[in-house]
Structure formats: C-alpha cells, structure tokens
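Colleague: Provided below for reference: sequence and predicted model.
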Amino acid sequence: MSSKLKITKEGLKDIAVTVDSYRIRVLIDAKQEILNSGVYDEEQYHEILFKMFDEELIKFKLYNFLTRKKSNDFKALTKFSNENSIEITKTLSLLELLKNENLIAVNEIYDEVEGDENTPALTTFKDFDIKSFDVNPSKVKSIYEPVEIIFETHNCSGCGLCVGICPVNCLEVYNGFGKIDEEKCIRCGLCYYVCPRSYLPVSVLNMVQEGTSEIKTYSKVGQYLEAYSARTKIDEIAKSCQDGGITSTCLHYLFDAKIIDIALGAKMSKTPWRPEPIILENKDDILLSTGTKYVNNPNLKSLSEFNKRKANIAVVGVPCMMQALLKADIYNINIPALNQIKYRIGIFCMESFSYESLLKICELLNVDVSNVKKTDINKGKFFVYTKSNDELTIPIKEIGHLAREDCEVCFDLTSESADISIGSIGSPSGWNTVLIRTEVGKDLYHKLIENDLIESKELSEVKPGLPLLEKIAKIKKNKCKKHIDKKKEENLRFPRY
Ligand code: SF4
Ligand code: SF4
Ligand code: SF4
C-alpha cells in the first residue's frame, strides 16, 4: 500500500505529523541499537522504517479526514477508502488503531433480530458513529508500550510473536509466560503492535478471511468455505498421529512438492511432555512434531531466525498464533520473516496448561509423567494413555482451574484466522475435522485429495459433526465473554477485541 499524496498544505501537515509521530521517532532514535542487535540488517531496518512511515502517514490522513466533520459513519470510511485507493479493510484497521491510540471514539451500532423456533436470534452490524478528539496527534502519549503489560495482567496467550519480531531481541516467552530485558528494550512498541492480546480488530480479521467488504459477526466457528472429516492415507503418519493426521499430511505434501522450505511447529523436548518450538526442514522431521500438546508452546518465537534466511514458511499453531499472524499481516510493516509465511495451518484449542499444571494433572491421576504415552481432551474429559496401556481420565471441570489464566480471555476454539483449521471435535475417533477458511487452504486441501494422500468426507455426512463443534465453540466464546466482563467489572486490563 502506498498513500497517494498530493503536495497540498493538508498533505504537508500529514507528513509533518508523521515525522513527529512516536513510532517513527523511536525507530530513528534507536537505529544503532537495532543494527547492533543483528535481528535486522540495515536494508531491512530501512524497509521497516519506510513501511511504518507509510502506515503512519495514511493513518494521520484518516484522522484529519475524520476531524473535518463532527461525526462520521461507515459511508464516510468508504469515501476515504475510495479517495485513497485503499481497501475498506485497510481503512477499518487504521480506524481501530486510532481508536486504540485514543484519538477517536467509535460507537458500533448493531441491529438485534429476534429469533424463533426455526431461526436463531441474529446480531447484525448497522453503522458506526465516529467522533474525533480535538488533539495534536504528535503530542498524544504513545500507547505502544512493551508487552510486559500484557504478561503482567494475565492476558498473554504465549504465542511468541513478540519474541519473533522484537528488533533488539530483548523478550523471552517460555512455558506460556513472558519476560523482558528492560535494559535492552528501546520501547518501540512493535511487540504491542503485533500482539493479539493488546487489541485485535476481529471484524477486520473476519472480513479479510472472507474477502468481503461487509462487517459481519460470527458467533460460532468463524467463516469457512468448506467443512470435511478426513484421515491420512500415509501409513507412517497414521501410526504416530493423534487423530486423523491431516496436519502432518499437509506438511508432507508441502515439503514433497517443494512448496515450502520450512515449517514451524512444536515437538517434545528432552523433558517428558514439555514441548518446545521446532523448525521442520523436511518431511522426515514431521514425525517429530505429531501428537497434540496441551502445554503452551511459543511456536512463533522461532520466526526471528528467518529474517536473513530466504524460505517459504508454513506455520502450524493454535488459534491465538493464527490471530497474531493475521493481525501482523493486516498491519504489515515489512518484517522479512512474516512476509515469507505462505500457509497458516491452525489447530483447534480449548485451553492450554503450564508444564507445572500438567505435572499436577499427572499427580491427580497418580501417574508419572515419564510413563505418559498420549494425552487427549474429549467428551469433557482429560485422557492420559500410559506406556503400560492404562487409560486414565479426569473430568475437565475438575482440572479447569489448572488451565492458564491467560487462556480464559481466548474466544477462538477453531483457529478462525487460519487458512485451514484442523482438530478432532466433530469427527469420529481416528478422523480429523477440517474447516477450509481461505482459497490458499482450499487449494492445499484439494491437492491432498488429488494426490490420494487422504480419505475425505463432507463433515455433514459424519456424526457428531458440525453441531457439536459449533456447540463447543459457542461455550468457549461465552466463557471468554464472562471472563472479559469480570475483568471489566474489576477494572483490570483485558484484550480489546
Ligand atoms: S500474546 Fe503473543 S505477542 Fe502478545 S505478549 Fe503474549 S507472546 Fe507476546
Ligand atoms: S520489547 Fe517490545 S518495545 Fe521493547 S524493544 Fe522489543 S519490541 Fe520494542
Ligand atoms: S486457549 Fe487460546 S490463548 Fe490459550 S493456547 Fe489455546 S488458542 Fe492460545
């Protein structure tokens, strides 16, 4: 995106405000620290700076546009998009940014359509009422704080993206918890900018996923193009996978067809059942990453290794990671590694545990963690299968308090921001449920069928199918709303969705 700016008095004013903006100044002031850290080279640093300049310029242009009238609506945003030859989703993402920077107030107006026996009640977007505050944007204190605030307020999903992009390498996320080296931090706020738990423009994410210019609300599993139940035909994968092996089969095909060079995922470390990020380099590595892991693992932190290495990347991760990647794509500031991601393969996730909590669950089940062969969550229970062939279970409600507090504010069960979402809920044992979200995901899935790598059925043909998936997805959304409302009541920080 490049803003088309005529040299007018207004245009010059926009440039002046942009040059003086906090996010530009901090990158210029900290140039040497950034280059010394070695995360980005000089050319990459300049590309990030210029892209940030471009983004800030169009953002202030939108702010100036909005200040010309007392109140603005969706029609005004469409006008701005047309005048500047940018997509409405871009304008809406900038609107969200201005709102979070406290430069404007946005009231979203919805229509409530009552339901009856046959049709569920519906909430539909009607319009915006946008009011601008009369301030000098350069003088407004920056909201771009380091993500320490997200860690400390128990809102961090543990996705690892902040670590993956920090320009001075001063962050660490481990076992679902983060810490920062205050001495090294240049307070650029880039971590805050990409973090899915600072603010997340969910309606823009949905619009981008669907490729629509309409604002819609999704109450269950998000937008999808096609839904299947499937299992792998690759013997090696079938023997070691958790359910239908579709995630591993996607990677197998992508490596085999030389479409990707690397994939980011999770594998078990030397400590039993403690996962760690893995960079898969070829299809033989896939077997290292099979199986579901319920302990939080910051897969995205490995991204920093790919700024200086050219590679087509697939990322396998849980919903919060898919949100982080899609958000970073919408607010693209030319981070080299992020621009190399070709596939977002999302897996379903109800909640995650710290390693200590997993040990506690093992203790409750009276099993040593080194004797655990497989873990699973199904039908409201946590299952542990042991190497001595025992099947142990505990109801989820008895261990719910052990799940990470930070996961309580997560609304997404099915990786709504992925290209393709894969899980077990809704399909029979030994099969995966697959939701195709984007054309990229659709093309990948159909290549698996064409190459005879999977057995595939319409999800509508299997039991329990979509109704169960939608029911559990709704439960997660309701739980998240309850926790966010509680945080609001207690005046605590919560993610702005
Ligand atoms: S949610 Fe992700 S990006 Fe945000 S602070 Fe946690 S690890 Fe970092
Ligand atoms: S921790 Fe965040 S604010 Fe600090 S340098 Fe890294 S990205 Fe910038
Ligand atoms: S519950 Fe949400 S925040 Fe927690 S690990 Fe899963 S996707 Fe991430």
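Modeller: Here it is on my side, so go on. Ligands and ions are numbered 1, 2, ... in the order given.
Colleague: so residue 344: helix, strand or coil?
Modeller: Of the three states, residue 344 takes strand under DSSP: H, G, I helix; E, B strand; the rest coil.
Colleague: pull the number of nearby residues for it.
Modeller: 27 (other Cβ atoms under 10 Å). (Each C-beta comes from the backbone N, C-alpha and C, glycine too.)
Colleague: residue 16 too?
Modeller: Applying other Cβ under 10 Å, we find 12 residues neighbouring residue 16.
Colleague: do the same with residue 421
Modeller: The number of residues packed near residue 421 is 29, by other Cβ under 10 Å.
Colleague: repeat for residue 391
Modeller: Around residue 391 there are 10 residues (other Cβ under 10 Å).
Colleague: identify the bridge partners of it.
Modeller: Taking DSSP bridges as the rule, residue 391 bridges to residue 385.
Colleague: let me see the contact set for it.
Modeller: Shown in contact with residue 391 (Cβ atoms under 8 Å, 6 or more residues apart in numbering): 383-385.
Colleague: who wins for neighbours among those?
Modeller: When neighbours are counted by other Cβ under 10 Å, residue 384 leads the contacts of residue 391 with 23 neighbours.
Colleague: OK, contacts around that residue?
Modeller: Here residue 384 is in contact with 361-362, 365, 367, 372, 374-375, 391-393 (Cβ under 8 Å, 6+ apart).
Colleague: let's go with 7 Å and repeat that
Modeller: For residue 384, the contact set (Cβ atoms under 7 Å, 6 or more residues apart in numbering) comprises 365, 367, 372, 375, 392.
Colleague: what does residue 455 give?
Modeller: 230-231, 233.
Colleague: try 6 Å
Modeller: residue 231 (Cβ atoms under 6 Å, 6 or more residues apart in numbering).
Colleague: a strand runs through it, doesn't it?
Modeller: Yes. According to three-state DSSP, the state of residue 455 is that of a strand.
Colleague: and of the contacts of residue 384, the nearest to residue 151?
Modeller: residue 375 (26.3 Å; Cβ to Cβ).
Colleague: next one: whichever strand or helix holds the closest one to chain centre, how far?
Modeller: For residue 375, the host element (DSSP states H and E) is strand 372-378. In terms of Cα atoms, centre = their mean, to the nearest Å, the centre of strand 372-378 is found 25 Å from the chain centre.
Colleague: so what strands line up beside it?
Modeller: In the sheet, strand 372-378 lines up against strand 381-386 (antiparallel) (DSSP bridges).
Colleague: quick one, strands of the stretch 251-400 of the chain?
Modeller: Per DSSP state E, counting those that start in this stretch, the stretch 251-400 of the chain carries strands over the ranges 262-268, 275-280, 313-317, 341-347, 372-378, 381-386, 391-395.
Colleague: pick out the shakiest of these, pLDDT-wise.
Modeller: Of all the strands of the stretch 251-400 of the chain, mean pLDDT reaches its minimum on strand 372-378 (a mean of 86).
Colleague: residues of it that come out buried?
Modeller: 372, 375-377 (16 or more other Cβ atoms under 10 Å).
Colleague: hmm, which two among those residues are most spread apart?
Modeller: The widest separation within the buried residues of strand 372-378 (Cβ to Cβ) is 14.0 Å, between 372 and 377.
Colleague: quick one: closest of the strands of the stretch 251-400 of the chain to residue 168.
Modeller: Across the strands of the stretch 251-400 of the chain, residue 168 has its closest neighbour in strand 275-280 (20.2 Å, Cβ to Cβ).
Colleague: how far does that closest one sit from its chain's centre?
Modeller: The answer for strand 275-280 is 18 Å, by Cα atoms, centre = their mean.
Colleague: please list the outside residues in contact with that strand.
Modeller: Here strand 275-280 has contacts from 262-263, 265-269, 289, 293, 295, 297, 299, 302, using Cβ under 6 Å, 6+ apart.
Colleague: who does it pair up with?
Modeller: The strands that strand 275-280 pairs with in its sheet are strand 262-268 (antiparallel) (by DSSP bridges).
Colleague: around ligand 3, which positions in the chain sit nearby?
Modeller: When proximity is defined as Cβ under 6 Å from any ligand atom, the chain approaches ligand 3 at 157, 296, 318-320, 349, 351-352, 407, 410.
Colleague: need the worst-confidence member of those.
Modeller: Ranking these by pLDDT, residue 296 lands last with 82.
Colleague: my read: that residue touches residue 158, true?
Modeller: Yes. Counting by Cβ atoms under 6 Å, residue 296 touches residue 158, with 4.2 Å between them.
Colleague: anything in contact with each of the two?
Modeller: With contacts defined as Cβ under 6 Å, 6+ apart, the residues adjacent to both residue 296 and residue 158 are residue 176.
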